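1. Make a model of this:
(chains A, B and C)
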Amino acid sequence: MKTDHCVTTALHSSLTAWFAAHARDLPWRRPEAGAWGVMVSEFMLQQTPVSRVLPVYEQWMARWPRPADLAAEPPGEAVRAWGRLGYPRRALRLHAAAAAIADRHGGEVPCDHAALLALPGVGEYTAAAVASFAYGQRHAVLDTNVRRVLARALTGVQYPPNATTAAERRLAQRVLPDDEALAARWAAATMELGALVCTARTPGCGRCPIAERCAWRLAGFPEHDGPPRRGQSYAGTDRQVRGKLLAVLREATAPVPREVLDRVWDEPVQRARALDGLVADGLVEPVADGVYRLPQRAPLP
DNA sequence: AATCCGTGGGC
DNA sequence: TGCCCAAGGAT
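-> Modelled structure (predicted):
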């Protein structure tokens, strides 16, 4: 099936015009952010709302304005500066990516999609986002916002599948503008529409620039009928214990004895498993005889 | 392919 | 009040 060329062209102009009028003034969208700023923001924004990223991003960029600045410090400093953003392995991967950029790319964030994809913590989405937002290239940028907008506007369903499918990639490629600069604006605009208007819970169709052409709206807003979109529980999991352990280590200025860490969780088996997991992940470093700290040296390759 | 990996805000 | 959700990636 083919979407008519005129239809997609109308979508492009409607959405990019809306974006020009309503785009948020986010720091990583300003020219001075550069590719490094875009990359830092993309790491932080993985599964994390903009409002919580903003203050951490500003401090991060002030402290480490270039990849080499971050690479020159111990990975534990990245974990500490990450604060309570969540998923602290992202901090470790961003540090490792900075080291790779300093080592293999002359200190400049690569513009090549494959080179980006090869960096730690950079997957399909982040590689496309950096290439598109920082370098103006033409890529299908499939994040949760874009996937939801395409699912509704073009496929006519309430929610996209749980994991990105080949059909979604084909659809995104098919509606991607041919022109490189326009494609980059389209990517940012569809993402912004999903974040501000076409939201998961209660979409603001009254404010949507493409509501008249939205397949989901025209179909009468059919409810999601696939398998339940089950979120993961959190209370009582290893993740919660890991979070508590790492919070203690982030705040500490000196290595922490195990007895202090033991206070964060009652159940000893799970507590030990969580700490072992953090050590295995390189988020925590055993110093000596039951004393721990954030990692001072990068894990061996 | 299904699970794991943090944290907090909104409804 | 729980539950859903937030610019994913790695295994």
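
2. those strands in chain A, which residues are they?
-> Under the criterion DSSP state E, chain A carries strands at the ranges A:256-257, A:285-288, A:291-293.

3. what packs against the first one?
-> The helices and strands touching strand A:256-257, judged by 3 or more Cβ pairs under 8 Å, 6 or more residues apart in numbering; DSSP states H and E, are strand A:291-293. (C-beta placed from N, C-alpha, C; glycine too.)

4. again, only using 10 Å
-> On a contact count with 3 or more Cβ pairs under 10 Å, 6 or more residues apart in numbering; DSSP states H and E, strand A:256-257 meets helix A:238-251, strand A:291-293.

5. now swap in the last one and tell me
-> With contacts taken as 3+ Cβ pairs under 10 Å, 6+ apart, strand A:291-293 sits against helix A:238-251, strand A:256-257, helix A:258-261, helix A:268-281, strand A:285-288.

6. could I get those as a markdown table with mean neighbour count and distance to DNA strand C?
-> Listed next are the helices and strands packed on strand A:291-293 as a markdown table, based on neighbours: other Cβ atoms under 10 Å; distance: least, Cβ to the nearest atom of the strand, whole Å:
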| stretch | mean neighbour count | distance to DNA strand C |
| --- | --- | --- |
| helix A:238-251 | 17 | 11 |
| strand A:256-257 | 16 | 26 |
| helix A:258-261 | 14 | 24 |
| helix A:268-281 | 15 | 10 |
| strand A:285-288 | 13 | 18 |
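
7. Any idea which of the ones you listed gets closest to DNA strand B?
-> helix A:238-251 (1.5 Å; Cβ to the nearest atom of the strand).

8. Can you list the neighbours in contact with the closest one?
-> A:76, A:79-84, A:86-89, A:232-234, A:237, A:255-256, A:260-265, A:267, A:270-275, A:277-278, A:281, A:283-285, A:292-295 (Cβ atoms under 10 Å, 6 or more residues apart in numbering).

9. tilt between it and helix A:268-281?
-> Calculated by axes from the mean of the first three to the mean of the last three Cα atoms, to 10 degrees, helix A:238-251 forms an angle of 60 degrees with helix A:268-281.

10. wait, A:Gly194 sits on A:Tyr159?
-> No. Using Cβ atoms under 10 Å, A:Gly194 makes no contact with A:Tyr159, being 11.7 Å away.

11. Could you pull out the residues contacting both of those two?
-> Each of A:144, A:147-148, A:151-152, A:200 lies in contact with both A:Gly194 and A:Tyr159 under the rule Cβ under 10 Å, 6+ apart.

12. from those residues, which two are the most distant?
-> Maximum pairwise distance among these (Cβ to Cβ): 12.7 Å, between A:Thr144 and A:Arg152.

13. show me what contacts A:Leu142?
-> Contacts of A:Leu142 (Cβ under 10 Å, 6+ apart): A:124-125, A:128-129, A:150, A:160, A:164-165, A:168-169, A:171-173, A:187, A:190-191.

14. picking up where we left off before, out of the shared contacts of A:Gly194 and A:Tyr159, which are close to DNA strand C?
-> Restricting the shared contacts of A:Gly194 and A:Tyr159 to those touching DNA strand C (Cβ under 7 Å from any atom of the strand) yields A:144, A:148, A:200.

15. State the distance from the second one to A:Arg52.
-> What that stands for is A:Arg148. 20 Å (Cβ to Cβ, to the nearest Å).
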